[in-house]
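**Student:** coords below, sequence missing:
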């Protein structure tokens, strides 16, 4: 079996299980394409029961003006997808494809058969290379032949993409090689879809009761199970439509009626929120996202504080981390102010000690050292000078 599908671990459906459903709506028919596109039979063989059942149901609808293809599939059998593609292309109806959850791998082939292609604002499209599932024993020649078949299968997918995408063959081969993921508007920008529809996957009719391979899924566990972390975050960011009014959260969605857009409150989703438990019960994904963002923010804060911890007292660090949480920038500023105050205090104390020591009275006169002979001569000179002064003041002294 050659598949173009996300890797999953769920049990496979049997060939008798259907992955499609037709709904007749008068001039319009709806083809619901959910779950894995799968068959153990060769869809290009006229004896294929599954293929004949699909064609018979499509022809049984009669001539329709419009066929809406609702897609929520991770892909599957490439030959089955190509057969559906051909059947839709040959149909006279105007075909509109809408991705309501995920359109991955082989399911994108079916999307390319649609004249117009839409995607929910938080829905996902993924394109990658086909793969082959093998059972039994094979010789080298068999594997080489399979490799050649795989190459031709990829060419068929590229050809279908080139009918709709404004891209070269090399560009399409590259995006398939890289396993390219698109969410909402990104699928439009890449050319896979023509427009984005406002109602999102979570708020859609299939949000909490669709089946994948016979297993029921909700929006949350489907996204958790099938998509990479970065794509999951994009989906979540686009999935919450909420407001706050007098302490009560409510959901709104944009509805299109006869070309006119209006906003309508979904009264079923307007629970009165009185505590944290009620908020989590009403908006579990929103609360989970808030908690994840809070944890990430706190980790960044702690990491920033650790990067400037050198030179900061441990008690100050512990207070900044836990007791009185502040940002690394605020901690750095506070430490700079503390260092400046300590430096100023040290300078003031040093000046006071100098003044109190009497060092200010010391003059900058040269020290000639101690000279006993010189000191004696100075003393004798002082005695002579004193004696002369006394003689000068003595009136009895005679002049000659």
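**Tutor:** Structure's in. What do you need? From a predicted model like this one, the values you see are computed outputs, not experimental measurements. Numbers count the residues shown, from 1 in each chain.

**Student:** now do the helices in the stretch 301-400 of the chain.
**Tutor:** Under the criterion DSSP state H, counting those that start in this stretch, helices of the stretch 301-400 of the chain are mapped to 314-318, 328-356, 372-392.

**Student:** and the first one, what's buried?
**Tutor:** The reference is to helix 314-318. Across helix 314-318, burial judged by 16 or more other CB atoms under 10 Å covers residue 317. Quick note: C-beta positions are derived from backbone N, CA and C, even for glycine.

**Student:** lowest-confidence stretch among the helices of the stretch 301-400 of the chain?
**Tutor:** Ranked by mean pLDDT, these end with helix 372-392 at the bottom, a mean of 66.

**Student:** ok, residue 176 - contacts?
**Tutor:** Going by CB atoms under 8 Å, 6 or more residues apart in numbering, residue 176 touches 127-129, 154, 157-158.

**Student:** sorry, that was for residue 187
**Tutor:** Contacts of residue 187 (CB under 8 Å, 6+ apart): 99, 119, 123, 125, 193.

**Student:** phi, psi of the closest residue to residue 104 other than its chain neighbours?
**Tutor:** Distances taken as CB to CB, 6 or more residues apart in numbering put residue 126 closest to residue 104, at 4.0 Å, once the chain neighbours are dropped. With angles defined as degrees, to the nearest 10, residue 126 sits at phi -140, psi 140.

**Student:** check the one 4 residues further on too.
**Tutor:** For residue 130, the backbone dihedrals are phi -70, psi 160 (criterion: degrees, to the nearest 10).

**Student:** ok, it touching residue 154?
**Tutor:** Yes. Using CB atoms under 8 Å, residue 130 makes contact with residue 154 at a distance of 5.7 Å.

**Student:** okay if I get the contacts of residue 187 as JSON lines plus distance to residue 150?
**Tutor:** Shown next, in JSON lines, are these (distance: CB to CB, whole Å):
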{"residue": "99", "distance to residue 150": "26"}
{"residue": "119", "distance to residue 150": "28"}
{"residue": "123", "distance to residue 150": "28"}
{"residue": "125", "distance to residue 150": "22"}
{"residue": "193", "distance to residue 150": "27"}
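
**Student:** quick revisit: in JSON lines: the contacts of residue 176, plus neighbour count.
**Tutor:** Listed next are these as JSON lines, based on neighbours: other CB atoms under 10 Å:
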{"residue": "127", "neighbour count": "25"}
{"residue": "128", "neighbour count": "20"}
{"residue": "129", "neighbour count": "15"}
{"residue": "154", "neighbour count": "19"}
{"residue": "157", "neighbour count": "26"}
{"residue": "158", "neighbour count": "17"}
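
**Student:** contacts only, for the residue nearest to residue 332 when sequence neighbours are not counted.
**Tutor:** Computed as CB to CB, 6+ apart, the closest residue to residue 332 that is not its neighbour in sequence is residue 308, at 5.5 Å. Going by CB under 8 Å, 6+ apart, residue 308 touches 328, 331-332.

**Student:** ranking the residues you listed by neighbours, who comes first?
**Tutor:** residue 331 (22 neighbours; other CB atoms under 10 Å).

**Student:** how much space between that residue and residue 311?
**Tutor:** According to CB to CB, to the nearest Å, residue 331 and residue 311 sit 12 Å apart.

**Student:** that older thread, TSV please, covering the contacts of residue 187 and showing distance to residue 51, neighbour count and pLDDT.
**Tutor:** What follows is these, written out as TSV (distance: CB to CB, whole Å; neighbours: other CB atoms under 10 Å; pLDDT from 0 to 100):
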residue	distance to residue 51	neighbour count	pLDDT
99	24	30	92
119	28	30	94
123	28	27	89
125	25	26	94
193	27	27	95
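
**Student:** quick check: the farthest pair among those residues?
**Tutor:** Put simply, by CB to CB the two of the contacts of residue 187 set farthest apart are 123 and 193, 9.1 Å from each other.

**Student:** any idea how far the residue nearest to residue 104 lies from residue 328?
**Tutor:** Residue 126 is 39 Å from residue 328, by CB to CB.

**Student:** flag every buried residue along the longest strand seen in the chain.
**Tutor:** Longest strand of the chain, by residue count under DSSP state E: strand 94-104. For strand 94-104, the neighbour count (16+ other CB under 10 Å) marks 95-104 as buried.

**Student:** show me what residue 126 is bridged to.
**Tutor:** residue 104, residue 181 (DSSP bridges).

**Student:** need the contact list for it.
**Tutor:** Residue 126 makes contacts with 6, 102-105, 108, 179-182, as judged by CB under 8 Å, 6+ apart.

**Student:** relative to residue 78, which of these is nearest.
**Tutor:** Using CB to CB, the contacts of residue 126 come closest to residue 78 at residue 105, 8.5 Å.

**Student:** I'd guessed the closest one sits against residue 74; true?
**Tutor:** Yes. The pair residue 105 / residue 74 is scored as a contact, 6.5 Å apart, by CB under 8 Å.

**Student:** before we move on, the earlier item: please flag which of the contacts of residue 176 sit within strands.
**Tutor:** Those of these mapping onto strands are residue 127, per DSSP E.

**Student:** any chance of CSV for the contacts of residue 176, columns distance to residue 56 and pLDDT?
**Tutor:** Shown next, in CSV, are those (distance: CB to CB, whole Å; pLDDT from 0 to 100):
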residue, distance to residue 56, pLDDT
127, 31, 93
128, 32, 91
129, 33, 88
154, 30, 90
157, 26, 92
158, 31, 93
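
**Student:** turn the contacts of residue 176 into a markdown table, including distance to residue 34.
**Tutor:** Output for the contacts of residue 176, formatted as a markdown table (distance: CB to CB, whole Å):
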| residue | distance to residue 34 |
| --- | --- |
| 127 | 19 |
| 128 | 20 |
| 129 | 24 |
| 154 | 25 |
| 157 | 21 |
| 158 | 26 |
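
**Student:** tell me the two of the contacts of residue 176 that are most distant?
**Tutor:** Across the contacts of residue 176 (CB to CB), the longest gap, 12.3 Å, separates 128 and 158.

**Student:** how near is the residue lying closest to residue 311 once chain neighbours are set aside to residue 345?
**Tutor:** Among residues not flanking residue 311 along the chain, residue 335 sits closest, at 7.8 Å (CB to CB, 6+ apart). Separation of residue 335 from residue 345 (CB to CB): 16 Å.

**Student:** what of residue 176?
**Tutor:** For residue 176 relative to residue 345 (CB to CB), the value is 70 Å.
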